[in-house]
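Novice: have a look; sequence and predicted model below, questions after that.
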Amino acid sequence: MLINQQLAEEMTREIKGIVPFYFNIMDDTGTILTCTDQKRNGTKHKGTFLMTAQNLDELIVEQDNQYPGCTMGVLFSIRFGGKIIGFVGIRGMPEKIIDYGRIIQKMTELLVYEKFENYRQEANDHANNVLIENMIQGNQENTFFDMRQELTKRGLDYKGNFTIAIIKFQPPSVLSQDLDLERIKQKIMRRQILDDLSKRNILVSNYPDYSIVVSNQSTEDLYRLLQSTENYVVHQYKTGLVGAISRETSSNNLAKAYMEASAMIRFLSEENKRGIYQYRASELSFILKQIVPAHSENLCQEVFQHCSQEERYEFANFIIAYMDCDGSLKLMSDRYFLHKNTIQYKIKKIYKKTGYDMRRLQDLFVLYIAALQE
């Protein structure tokens, strides 16, 4: 890890607000990268040569020119992994600034370590993203690295069953006025969830709007784990998650599992659902959502072609409610406070306007698909 111009400028911004003294930051060669006196940027600080030669942590200059080219003040080395990677210089009377300077030295080293950890984490995240992308695209044998080896390093068994999940953040119903705060909160949540799952030998890749999770855990085990994560997010951050988990499959069928989870998460997002769901190919509302939109819209126009806009809206709500009550007149009457004769009347009215009889199963199915598009 070396101190370059960009890192020096970031460090200067962090220190500038709390250091009332003239200071500069140098790289490992003694070249001044940032300085209170900008004219000195790019020049060499001669005091650093002595520090490098003698491997010093600090150099106290009691008076101007005590060392060639040095003014009164203190020089501090910045170390990373035990090696000098740069220097910080502060001008002033040593007895007044030395304790303060040592704090700045440690603060600077912490900033360097933090930056290094960020670089390392970004590199690791990128590697995980590449690995998962190859897995879900079916490129297990077509990559520039050994996928079996990479999975083993992350605690996953290539020969075992896999489960894929896609999770998205559902923002709170009332967003904070401070949008920057909302973005920071999401960033913290993502990092926390990623780190927590990674400790459990689960592979995660983060994208702007969603995360992909790959695990050797069973569908049920991953479901329980993500449910626990969702509960934590709701409690801690007052927001929620929506997630879709695929069926268990072998590594060769991960592309299909990913497509299943993708279809499910789109459906859940459109329905504004929250929580964690397992893929169910047999769920009726999910099946109907997979029908080509253009075909569904054409069907809706055909079924309700003789109805006014008000009737279309009225009929659609009634048909959906009827399906939700499994066609039970009693249940519908109790739930919506309707007289059975009123329900019968509405069924006959829909038949008269559309030609489809809700009491016939085939007609009801057609009406239901059309109603979902209204």
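Specialist: Nice, I can see it. Numbers count the residues shown, from 1 in each chain.
Novice: isn't Asp64 up against Arg91?
Specialist: No. Taking CB atoms under 8 Å as the definition, Asp64 is not a contact partner of Arg91, at 10.0 Å. All C-beta spots, glycine's among them, are computed from the backbone N, C-alpha and C.
Novice: which one of those two has more residues nearby?
Specialist: Between Asp64 and Arg91, counted using other CB atoms under 10 Å, the more crowded position is Arg91 (18 against 12).
Novice: distance of that one relative to Gly82?
Specialist: Using CB to CB, to the nearest Å, Arg91 is found at 28 Å from Gly82.
Novice: mutual contacts of Asp64 and Arg91, please.
Specialist: Thr71, Met72 (CB atoms under 8 Å, 6 or more residues apart in numbering).
Novice: what's the first helix or strand after the helix or strand of the chain with the lowest mean pLDDT?
Specialist: The weakest-scoring helix or strand in the chain, judged by mean pLDDT, DSSP states H and E, is helix 284-289 (a mean of 65). As assigned by DSSP states H and E, the chain's next helix or strand after helix 284-289 is helix 293-303.
Novice: who does that next one touch, helix- and strand-wise?
Specialist: helix 361-373 (3 or more CB pairs under 8 Å, 6 or more residues apart in numbering; DSSP states H and E).
Novice: redo that, cut-off 10 Å
Specialist: In terms of contacts (3 or more CB pairs under 10 Å, 6 or more residues apart in numbering; DSSP states H and E), helix 293-303 is packed against helix 309-324, helix 340-354, helix 361-373.
Novice: the longest one to helix 361-373, inter-axis angle?
Specialist: The one in question is helix 309-324. Taking axes from the mean of the first three to the mean of the last three CA atoms, to 10 degrees, one finds helix 309-324 and helix 361-373 inclined to each other by 120 degrees.
Novice: list every C-alpha atom in helix 309-324, with coordinates, as CSV.
Specialist: Taking C-alpha atoms only, helix 309-324 is exported to CSV below (Å, rounded to 0.1, in the frame of the first residue of the first chain):
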residue,chain,number,x,y,z
GLN,A,309,-64.8,2.3,-17.8
GLU,A,310,-66.7,2.3,-14.5
GLU,A,311,-68.1,-1.2,-15.2
ARG,A,312,-64.7,-2.5,-16.0
TYR,A,313,-63.3,-1.3,-12.7
GLU,A,314,-66.3,-2.5,-10.8
PHE,A,315,-66.3,-6.0,-12.5
ALA,A,316,-62.6,-6.5,-12.1
ASN,A,317,-62.6,-5.9,-8.4
PHE,A,318,-65.6,-8.1,-8.0
ILE,A,319,-64.1,-11.0,-10.0
ILE,A,320,-60.8,-10.8,-8.0
ALA,A,321,-62.7,-10.8,-4.7
TYR,A,322,-64.8,-13.7,-5.9
MET,A,323,-61.6,-15.7,-6.6
ASP,A,324,-60.1,-14.8,-3.3
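Novice: so that helix versus helix 340-354, what angle?
Specialist: Using the same axes, to 10 degrees: helix 309-324 against helix 340-354 is 120 degrees.
Novice: just checking, what packs against helix 309-324?
Specialist: helix 284-289, helix 293-303, helix 329-336, helix 340-354, helix 361-373.
Novice: Ile78 should be in a helix, yeah?
Specialist: No. Read with DSSP: H, G, I helix; E, B strand; the rest coil, Ile78 is strand and lies in no helix.
Novice: now it, which residues is it bridged with?
Specialist: For Ile78, the beta-bridge partners under DSSP bridges are Gly86.
Novice: I'd say it and Glu58 touch.
Specialist: No. Here Ile78 does not reach Glu58: they are 11.1 Å apart, not a contact under CB atoms under 10 Å.
Novice: have a look at those two and say which one is more surrounded.
Specialist: More crowded of Ile78 and Glu58, by other CB under 10 Å: Ile78, with 23 against 16.
Novice: list the contacts for that one?
Specialist: 3, 11, 25-28, 57, 84-88, 105-106, 108-109, 111-112 (CB atoms under 10 Å, 6 or more residues apart in numbering).
Novice: just the ones in strands from the residues you listed, please.
Specialist: Among those, DSSP state E puts Ile25, Met26, Asp27, Ile84, Ile85, Gly86, Phe87, Val88 in strands.
Novice: ok, the residues you listed vs Asp125, which is closest?
Specialist: Ile85 (24.3 Å; CB to CB).
Novice: how near is Ala370 to Asp125?
Specialist: When distance is defined by CB to CB, Ala370 is 46 Å away from Asp125.
Novice: so for those two, which residue has more residues nearby?
Specialist: Neighbours were counted for Ala370 and for Asp125 using other CB under 10 Å; Ala370 has more, 24 against 16.
Novice: residues near the nearest residue to that one once chain neighbours are set aside, how many?
Specialist: Nearest residue to Ala370, sequence neighbours excluded (CB to CB, 6 or more residues apart in numbering): Val303, at 4.0 Å. Residues near Val303, counting by other CB under 10 Å, number 26.
Novice: quick check, pLDDT for Val303.
Specialist: With respect to pLDDT, Val303 has a value of 92.
Novice: OK, contacts around it?
Specialist: Taking CB under 10 Å, 6+ apart, one finds 312, 315-316, 319, 350, 353-356, 363, 366-367, 369-371, 373-374 in contact with Val303.
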